[in-house]
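Student: prediction below, plus the sequence it came from.
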Amino acid sequence: PDQMGGVTIEGSILLTSEDPLLKDVTCVRAGNQLKSIQGCLAISWSPLETIKLQQLIVVNGSIAVSGNVALHQIVAPELEKVDLDLVIQGNLALSEVHFPALEQVG
């Protein structure tokens with residue numbers, strides 16, 4: 001557990017179409033204890049339709065979500081801060097980005 005009372009991932013997360021574990025996956029949902037990522041989150045060219053990061057508060061790196069042609073929803077209602085870049089591009093079906101608590105990028 002970290003100082004926010006949850007779990008911190010020490011490192012980066014990369015999800016791509018090259019990952020065989022994503023073959024039939026349409027939704028990635030972070031557990032309720034994940035509060036921060038001490039690295040980057042990159043999701044590109046995946047088959048995902050939905051990304052739900054329900055309790056994530058801080059990313060001490062960048063978030064890059066690109067080229068996910070089936071992606072229609074990104075939800076991170078508790079996300080307050082992304083230390084570097086927030087890049088969302090080329091997700092042709094994207095109809096909802098929900099970051100209501102986001103106060104700082106970069």
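Tutor: Done, it's in.

Student: quick one: contacts for residue 62?
Tutor: 40-42, 82-87 (C-beta atoms under 8 Å, 6 or more residues apart in numbering). Glycine gets a C-beta too; all of them are placed from N, C-alpha and C.

Student: at 6 Å instead, please
Tutor: Contact analysis of residue 62 by C-beta atoms under 6 Å, 6 or more residues apart in numbering lists 40, 84-85.

Student: now render those as JSON lines, adding distance to residue 9.
Tutor: Shown next, in JSON lines, are the contacts of residue 62 (distance: C-beta to C-beta, whole Å):
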{"residue": "40", "distance to residue 9": "10"}
{"residue": "84", "distance to residue 9": "16"}
{"residue": "85", "distance to residue 9": "18"}
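
Student: for residue 73, give me phi and psi.
Tutor: Here is the backbone geometry of residue 73 (degrees, to the nearest 10): phi -150, psi 130.

Student: that one and residue 84, how far apart?
Tutor: Using C-beta to C-beta, to the nearest Å, residue 73 is found at 23 Å from residue 84.

Student: so which of the contacts of residue 62 wins on neighbours?
Tutor: The most crowded member of the contacts of residue 62, judged by other C-beta atoms under 10 Å, is residue 40 (19 neighbours).

Student: grab the nearest non-local neighbour of that one.
Tutor: Spatial nearest neighbour of residue 40, excluding adjacent residues (C-beta to C-beta, 6 or more residues apart in numbering): residue 61 at 3.8 Å.

Student: and for residue 57, the neighbour number?
Tutor: Residues lying near residue 57 (other C-beta under 10 Å) number 18.

Student: so who does it touch?
Tutor: Counting by C-beta under 6 Å, 6+ apart, residue 57 makes contact with 35, 78, 80.

Student: how far does stretch 42-58 sit from the chain's center?
Tutor: Centroid displacement of stretch 42-58 relative to its chain, using C-alpha atoms, centre = their mean, to the nearest Å, is 4 Å.
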